[in-house]
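[1] Quick check, what structure comes out for this input:
(one chain, ligands or ions: 1)
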Amino acid sequence: MTALRAEQVSVVFPSESGEVHALDNADLSISEGEFVVALGASGCGKTTLLNLLAGFLQPTQGRISFGDREITGPGADRAVVFQKHALLPWLNVLDNVAFGLMLQGVPKAKRYATARHFISALGLEGFESKAIYELSGGMQQRVGVARALAADPEVLLMDEPLAALDALTRERVQEILLKAWSESGKMAFFITHSVEEALFLATRIILMSPRPGRITHVYETEFSKQYLKTGNSREIKASREFIDMREDIMRRIQGDAG
Ligand SMILES: Nc1ncnc2c1ncn2[C@@H]1O[C@H](COP(=O)(O)OP(=O)(O)OP(=O)(O)O)[C@@H](O)[C@H]1O
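    Next up is the predicted model:
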């Protein structure tokens, strides 16, 4: 099975006060159908790891590969969704979602059909011809995710994409994202500071700690699969297993920060 891999990866940044060991000997492998979430205190190297997987950054040591290919730069096989969406304000929703396909040279009728499919999957039906500024923040983030999915990448890389949303919208977008991801069968790597969000979305959580940035703990989780089966997020988040794992993770993160 094709996997996106970081093998014994370290990143050292030069700085005025000496070197910053942003990442130290990180090992990670993401396979098809996996939703890996990175959690950890500020500065533990989460974004550095995402930038390596995206090909925006080269490791100081170690290797990043996708299948049998080494990754040396960005590619259409890996789409990135940022905290602040990077939508094109002069295009409407439909054209924003279809944008990647236009760059790939996909004919108009086909790219619009694909874009409409993902607009509907992200719950944005009826907003196709709206301008970006007419949408709420949560809707704009969903357009960003729809655009990433429509370009049909093999991997979705997401850096705190829901952090700016209010609590209720954030939960709703998590549910929509999980369904869209599950239907697409893509690999996902997602960064968040919210332990609850990580537990709800992930099939696997990697816990990281700073100075130097390290992967210190890995949790295999079943809550996202349960949600996809039952559709009842409240019941899952209120369950004993969910709360116990949340507290265990919180204790470890607080230990790292203190
Ligand atoms: N381009 C750079 N030059 C120098 N230092 C950097 C650079 N990028 C990141 N760092 C440092 O590397 C460390 C890891 O940063 P990174 O952004 O990966 O952490 P993070 O876990 O994503 O943090 P946050 O949760 O605050 O976004 C930090 O100490 C940061 O200051």
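[2] Can you give me the buried ones in the helix or strand hosting Ser29?
    Using DSSP states H and E, Ser29 sits in strand 18-31. Neighbour-count burial for strand 18-31 flags Val20, His21, Ala22, Leu23, Asp24, Asn25, Ala26, Leu28, Ile30 (criterion: 16 or more other Cβ atoms under 10 Å). Every C-beta, even on glycine, is put in place using the N, C-alpha and C of the backbone.
[3] Contact partners for the second one?
    Listed by Cβ atoms under 8 Å, 6 or more residues apart in numbering, the contact partners of His21 are Ser10, Val11, Val12, Arg211, Pro212, Gly213.
[4] can you put these in a markdown table and add neighbour count?
    What follows is these, written out as a markdown table (neighbours: other Cβ atoms under 10 Å):
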| residue | neighbour count |
| --- | --- |
| Ser10 | 18 |
| Val11 | 23 |
| Val12 | 15 |
| Arg211 | 14 |
| Pro212 | 18 |
| Gly213 | 25 |
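[5] Among these, which lie within strands?
    Mapping the contacts of His21 onto strands (DSSP state E) picks out Ser10, Val11, Val12.
[6] thinking again about what came up before, and the average pLDDT for the strand holding Ser29 is what?
    Averaging pLDDT along strand 18-31 yields 93.
[7] got it, and stretch 45-59?
    Here the average pLDDT along stretch 45-59 is 96.
[8] For it, what is the distance to the chain centroid?
    Mean C-alpha position of stretch 45-59 versus that of the full chain (Cα atoms, centre = their mean, to the nearest Å) differs by 13 Å.
[9] Quick check: closest non-adjacent residue to the residue of the stretch 101-250 of the chain found nearest the ligand.
    As assessed by Cβ to the nearest ligand atom, the ligand sits closest to Gly213 within the stretch 101-250 of the chain, at 5.5 Å. Take Gly213 and drop its neighbours on the chain: the residue closest to it by Cβ to Cβ, 6 or more residues apart in numbering is Gly45, 2.5 Å away.
[10] State the distance from the closest residue to Thr221 other than its chain neighbours to Ile191.
    Counting by Cβ to Cβ, 6+ apart, Thr221 lies nearest to Ala202, which is 5.1 Å off, once chain neighbours are set aside. Distance check for Ala202 against Ile191: by Cβ to Cβ, to the nearest Å, it reads 11 Å.
[11] Need the overlap of contacts for those two.
    Common neighbours of Ala202 and Ile191 (Cβ under 8 Å, 6+ apart) are Val37.
[12] quick revisit: sheet-wise, list the partners of the strand holding Ser29 with their directions.
    strand 3-15 (antiparallel) (DSSP bridges).
[13] Need the residues that contact the partner strand.
    19-32, 45, 48-49, 52-53, 57, 59-67, 78, 155, 187, 189, 213.
[14] For Asp95, what is the enclosing helix or strand?
    With DSSP H and E as the test, Asp95 turns up in helix 93-97.
[15] Using PDB, write out every CA atom in that helix.
    Provided in PDB are the C-alpha atoms of helix 93-97 (Å, rounded to 0.1, in the frame of the first residue of the first chain):
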ATOM      1  CA  VAL A  93     -17.500  29.800  -4.800                       C
ATOM      2  CA  LEU A  94     -17.800  27.500  -7.800                       C
ATOM      3  CA  ASP A  95     -14.800  28.900  -9.600                       C
ATOM      4  CA  ASN A  96     -12.700  28.800  -6.400                       C
ATOM      5  CA  VAL A  97     -13.500  25.100  -5.900                       C
END
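[16] Check which helices and strands it sits against.
    Counting contacts by 3 or more Cβ pairs under 8 Å, 6 or more residues apart in numbering; DSSP states H and E, helix 93-97 packs against helix 108-121, helix 137-150.
[17] Any chance of JSON lines for the ones you listed, columns distance to Asn92 and mean pLDDT?
    Below are the helices and strands packed on helix 93-97 laid out as JSON lines (distance: least, Cβ to Cβ, whole Å; pLDDT from 0 to 100):
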{"stretch": "helix 108-121", "distance to Asn92": "11", "mean pLDDT": "93"}
{"stretch": "helix 137-150", "distance to Asn92": "10", "mean pLDDT": "87"}
